[in-house]
Each structure stands twice: as C-alpha cells, then as structure tokens.
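**Student:** make a model of this:
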Amino acid sequence: MIRIVLTVLTVCELCVAGASVAQTYPSRPVQFVVPYPPGGGNDIFARALAQPLNESIGQPVIVENRPGAGGTIGTAAVAKAAPDGYMVLMGSSGALAVAPSLMSRVPYDPLRDLAPVTMVATVPNILAVHPSIPARSVKELIALAKARPSELTFGSSGTGGSGHLAGEMFNVMAGTKMVHVPYRGTGLSVVGLMTGDISVTFENMMTLLPHVKAGRIRALAVTSVQRSTVVPELPTIAESGLPGYTAGPWFAIVTTGGAPQEAVSVLNREFVKVLRRPDVVKRLSGRGANLLPGTPEDLAKHLRAEIDRWAKVIREAKIKAN
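**Tutor:** Here you go, the predicted structure:
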C-alpha cells in the first residue's frame, strides 16, 4: 500500500512538473524591439500594435528602442536572444533585406537567425521634383534625365535608406544617371528639394505629402506596387513609364530563429488579429500604410525575394555604405 501511494505521488509530482515546463505561450511579458530611434516608421508601427497585442494575449508587450548601425544593432539583439519567442522585432526592409548586401559585415543571417512571423505593411515613397524641373510625368522625367546625364540630382535621407535605393533602382531600370546627394535625415532632404538644391527625391509619403499639397514640390508618382488610397490620383511609377518598378520600405514582425513553433503560431495569430482590428487599420492606413498581414511562410518567401532583389540593385548600382 505504501509503495502504491508513493508511486501515485511520484506520478502526480511529475505531472505538475511537466505542466510547469509546458506552460502555454506566452506566460510572461514579450519584449518588442524597435531597431531605430523613436518617431520613425518602425516605432510608429510598434507602438500602434503593442497595446492591442497586450490586450489580446494578456501579457505586457514592452516596446524598446535599440537604434544604431542602420537598424542592425537591434536586429542582431533579437537574432542572438534566447530562442523562446519572448523577444520580437519590428523589422523592416533596411536591416532585413538591404543590410546583408550593403554592409561588409552584418552580425546575423536574416534567413537563418530570425524566424518570420508576419508581414505588417508597405509604405509608399513619393517620386517628387522641384517645381523648376520641366517634367510632369515619369516618362518626361526619364527623357529629361537621359537628355541631361549626370545633371539632375536626387536627394535622400542617407546612403542605404529607402529613398536612396529607390532612386538607384530608378537609375538602373530607366537607364538614367541622376546623381545621388545624401543628407542626414529625411527632413533635410526635403528642405533641399524645396530650395532647389536637388532636383528629385523618392522619400516617404508621410513627410512629403504636406509639401506636395502646399505646392512647394510636385509629385509625379508613388513607388509602390499599387496606388495609395491616401493619394489615389498619383499613379505608380510602374504604370506611368517604368513597368516592373517597385521600391520603398516594408515592415514585418520576426522573432529569434529556432523559437518554438507554438510561440511563432501564437505570435502570428495575435499580430494578424491586431492588424485587422478596424481601429488599427484606420490609424495606420490613414498615414499611408498598406497593411499586409499574412503567414510566416508568406513572409519567408517575401524576404528571400527582397534579399535577392536588393543584392542585384546594390551590385549593379555599385552602392556602398558610408
């Protein structure tokens, strides 16, 4: 009898221990890393999603900015974290798809060291020109740039930024030779365009649109695959003279490579749920975001294609990081 009681107690103890180890994910706070300073696109998305996600999963979601080295410091922190799904990254095209080809050494492999969760959104850039430039369409800009090789300049927020790469892709696909002028931030680049110090820019919609509406600069097109619902009158570059062109930043959620499938599945389900909430959709789409929640497999396929695409652009345009 004593032996039977001891056996039953042992089994119960093992069951309790097993239940403790196999607690349902998530059982503690989730750290949400933003690899850029506050106020940028990654930060805007993370803070818009964190509170609804907190409510949905019943655990605190703590947003932490870890900026530096073009987003690679924060991205590396997630790549090297414990593979338990409790640290996630508000990633974007720069650190995930561009940096591996642009920088000589990146401390992570985005395909091996990070696990895809879901795509979040794309945000179109706007192709805009100074009012003195006699081009009112993409076709006219291409013709002008070819007639005046190396005379037209395009500004960006800096080497390797989405505006820089959008301009270099334009040069490659259109056969033009507009000269890149890097600034220290989008704001300075926009000022350069308004004063006529540069001829063209391919910067983000949220920054450029107020100046377009005020007539300080002239918008020709958006860089996205589809027209923006915010400015539907603007055609895409692809439909207005450069078929196949698409550029601009995209944003996605990833976690540490090797994270349990249960954790990845829960993160995907909950982030997708949040991204489909009407209040979140209204808040983000009103700023020009095209929300694209999907499966981890969709994101993995997109990331592989983007790494290959930007590697080709960087190689052909001979772009190098500062």
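**Student:** give me the sheet partners of the lengthiest strand in the chain and which way each runs.
**Tutor:** Scanning the chain for the strand with the most residues, using DSSP state E, yields strand 114-122. Sheet pairing for strand 114-122, assigned by DSSP bridges, gives strand 250-256 (antiparallel), strand 290-291 (antiparallel).
**Student:** show me what whichever helix or strand comes after the shortest one is packed up against.
**Tutor:** Along the chain past strand 290-291, the next helix or strand (assigned with DSSP states H and E) turns out to be helix 296-317. In this structure, helix 296-317 makes packing contacts with helix 99-102, strand 114-122, helix 162-174, strand 250-256, judged by 3 or more CB pairs under 8 Å, 6 or more residues apart in numbering; DSSP states H and E. Quick note: C-beta positions are derived from backbone N, CA and C, even for glycine.
**Student:** flag every buried residue along helix 296-317.
**Tutor:** Buried residues in helix 296-317, counting neighbours by 16 or more other CB atoms under 10 Å, are found at 296, 299, 302-303, 306-307, 309-310, 313-314, 317.
**Student:** now do that helix and strand 114-122, the angle between them.
**Tutor:** Per axes from the mean of the first three to the mean of the last three CA atoms, to 10 degrees, the angle that helix 296-317 makes with strand 114-122 is 80 degrees.
**Student:** what mean pLDDT does helix 296-317 get?
**Tutor:** Mean pLDDT, helix 296-317: 92.
**Student:** where do the helices of the stretch 151-300 of the chain begin and end?
**Tutor:** 162-174, 186-195, 205-213, 261-275, 278-285, 296-317 (DSSP state H, counting those that start in this stretch).
**Student:** which helix or strand in the protein has the lowest average pLDDT?
**Tutor:** helix 2-21 (a mean of 41; mean pLDDT, DSSP states H and E).
**Student:** one step back: now the next helix or strand after the longest strand of the chain, how far from the centre of its chain.
**Tutor:** Using DSSP H and E, the helix or strand that directly follows strand 114-122 along the chain is strand 126-129. Mean-position distance between strand 126-129 and its chain equals 20 Å (CA atoms, centre = their mean, to the nearest Å).
**Student:** packing partners of strand 126-129?
**Tutor:** In this structure, strand 126-129 makes packing contacts with helix 138-147, strand 200-201, helix 205-213, strand 218-222, judged by 3+ CB pairs under 8 Å, 6+ apart.
**Student:** 10 Å - rerun?
**Tutor:** When contacts are defined as 3 or more CB pairs under 10 Å, 6 or more residues apart in numbering; DSSP states H and E, strand 126-129 packs onto helix 138-147, helix 162-174, helix 186-195, strand 200-201, helix 205-213, strand 218-222.
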